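Participant: Pasting the sequence and the predicted model now:
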Amino acid sequence: MAVLLGDIPDHWGPKYESGGVAATRTRVGPNEIFLRPLSHMALVLFTPQPGRLVSLNSDRRVAGLAPAGALEIIPTGSDFSARWLVDKENLLVALEPRHLARLAGLEFGRTDFELHPPPLGTVDARMMPLAKMLKAELERGEASNPLCLDALSTLFATSLLRHHSSLAGRGRARPAGGMAPAAWRRVHDHIQAHVAEDMSVEVLARVAGLSPSHFLRAFRQMTGQPPHQYLLRLRLERAERLVTTTSLPLAEIARSAGFSSHSHMTAVMRRLRAVTPKELRREARGRKGLPGPGEAGGE
């Protein structure tokens with residue numbers, strides 16, 4: 001259960017929560033909502049909302065057109081209400097205040113800030129691509145990648161601070177370079193040592209000695225891919241090695257390689273290698289001239 005999004009009905013759409021951040025993609029017909037959130041919230045609309053009515057810390061509702069891409073920000077503890085007259089689809093991100101303050105410290109060198117909610121109907125073209133990527137990952141359900149969701153939510157929160165808070169224009173210079181060789185070795189060794197464990201962008205950035213947003217840019221520059229894809233490749237390589245060189249049950253291999261389940265490992269291997277673990281083991285036994293007994297924890 002996503003505690004930070006406890007006021008949002010579960011049937012409105014899929015939810016994700018981890019490490020002080022939560023996100024949901026909601027689809028709902030004409031309705032209204034009243035909130036006094038204990039976290040900071042930001043909403044990006046995917047569909048236009050003619051005649052949308054909103055109020056923030058006021059008894060007076062403001063009415064107007066909220067086009068697709070419109071951004072709304074609800075600081076923690078605010079009284080917020082909204083009513084919409086047509087079907088609505090949006091992304092809603094909730095950020096626990098201590099989490100956002102910690103991120104502000106890492107990115108801007110200070111933890112004191114105020115969020116600046118924009119007027120109704122304000123479109124931020126920088127937020128829409130991040131919102132769409134979060135939406136796509138959320139909609140993958142059990143196949144969604146936690147490290148990918150963490151990275152996208154980190155970039156989303158950093159953009160909020162950079163463009164919609166009192167920290168706008170006051171941040172540290174944004175380094176354009178990549179990752180120093182020594183920093184890359186530390187990151188690579190850390191990932192290899194913990195390949196089967198959950199990872200976060202914040203921890204990996206700390207290992208590299210970089211801010212989270214700089215780390216994500218530098219990692220892609222160094223490897224040509226985001227951290228979640230790099231980690232998935234390492235997990236898949238470990239699984240393939242264990243499948244072809246050991247007789248361990250496939251379910252045990254999935255756990256030791258960092259997959260959530262045997263079925264998850266099978267789905268990833270089928271999608272990226274066009275083969276299942278059971279087929280891969282059978283092929284390896286055939287090359288060695290070994291019999292192919294039935295698999296424990298089979299496909």
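Facilitator: Structure's in. What do you need? Residues are numbered from 1 along each chain as shown.
Participant: Assess the claim that Val187 and Pro181 are in contact.
Facilitator: No - Val187 lies out of contact with Pro181 (CB atoms under 8 Å); the separation is 10.8 Å. C-betas here are computed from N, CA, C, even on glycine.
Participant: Low-confidence ranges, the stretch 1-150 of the chain, go.
Facilitator: Residue ranges of the stretch 1-150 of the chain with pLDDT under 70: 1-2.
Participant: how near is Arg270 to Arg285?
Facilitator: Using CB to CB, to the nearest Å, Arg270 is found at 19 Å from Arg285.
Participant: Check Leu138 too.
Facilitator: Counting by CB to CB, the gap from Leu138 to Arg285 is 40 Å.
Participant: Val187 and Pro181: which has the busier surroundings?
Facilitator: Val187 (24 against 9; other CB atoms under 10 Å).
Participant: who's in contact with the more buried one?
Facilitator: Listed by CB atoms under 8 Å, 6 or more residues apart in numbering, the contact set of Val187 reads Met179, Leu204, Val207, Ala208, Phe219.
Participant: Count the neighbours of the last one for me.
Facilitator: Applying other CB under 10 Å, we find 24 residues neighbouring Phe219.
Participant: Val195 contacts Gly258, doesn't it?
Facilitator: Yes - applying CB under 8 Å as the test, Val195 and Gly258 come out as touching, 5.6 Å apart.
Participant: Can you check which residues contact both of those two?
Facilitator: Common neighbours of Val195 and Gly258 (CB under 8 Å, 6+ apart) are Leu231, Arg235, Arg238.
Participant: What distance do you get for Ser213 to Gly20?
Facilitator: When Ser213 is compared with Gly20 (using CB to CB), they lie 17 Å apart.
Participant: Comparing the two, which residue is more hemmed in?
Facilitator: Neighbour comparison, Ser213 and Gly20: the larger count goes to Ser213, with 24 against 20 (by other CB under 10 Å).
Participant: got the buried residues for whichever strand or helix holds that one?
Facilitator: Ser213 belongs to helix 212-223 when assigned by DSSP states H and E. By 16 or more other CB atoms under 10 Å, the buried positions in helix 212-223 come out as Pro212, Ser213, His214, Phe215, Leu216, Arg217, Ala218, Phe219, Arg220, Met222, Thr223.
Participant: same deal with stretch 10-18?
Facilitator: Trp12, Gly13, Pro14, Lys15, Tyr16, Glu17.
Participant: Spatially nearest residue to the third one, not counting backbone neighbours?
Facilitator: With sequence-adjacent residues excluded and distances taken as CB to CB, 6 or more residues apart in numbering, Pro14 is closest to Leu138, at 4.8 Å.
Participant: burial of that neighbour, as a residue count?
Facilitator: So Leu138, with other CB under 10 Å, has 19 neighbours.
Participant: got it, and Val62?
Facilitator: Neighbours around Val62, by other CB under 10 Å: 13.
Participant: so what's it bridging to?
Facilitator: Partner residues in beta bridges with Val62, using DSSP bridges, are Val54.
Participant: Verify the contact between it and Leu53 for me.
Facilitator: Yes - applying CB under 8 Å, one finds Val62 in contact with Leu53, separated by 7.2 Å.
Participant: before we move on, the earlier item: among the buried residues of stretch 10-18, which one sits closest to Thr76?
Facilitator: Glu17 (15.9 Å; CB to CB).
Participant: Quick check: phi and psi at the closest one.
Facilitator: When read as degrees, to the nearest 10, the backbone of Glu17 gives phi -150, psi 140.
Participant: now Ile8
Facilitator: Main-chain torsions, Ile8, degrees, to the nearest 10: phi -100, psi 120.
Participant: Make sure it is actually in contact with Leu92.
Facilitator: Yes - the criterion here is CB under 8 Å, and Ile8 meets it with Leu92 at 6.6 Å.
Participant: okay, and the common contacts of those two?
Facilitator: Common neighbours of Ile8 and Leu92 (CB under 8 Å, 6+ apart) are Thr24, Thr26.
Participant: Would you mind measuring from Phe219 to Leu85?
Facilitator: The gap separating Phe219 from Leu85 is 44 Å, by CB to CB.
Participant: actually Leu45, not the one I wrote
Facilitator: When distance is defined by CB to CB, Leu45 is 14 Å away from Leu85.
Participant: more crowded one of those two?
Facilitator: Taking other CB under 10 Å, Leu45 and Leu85 do not tie; Leu45 has more neighbours (23 against 14).
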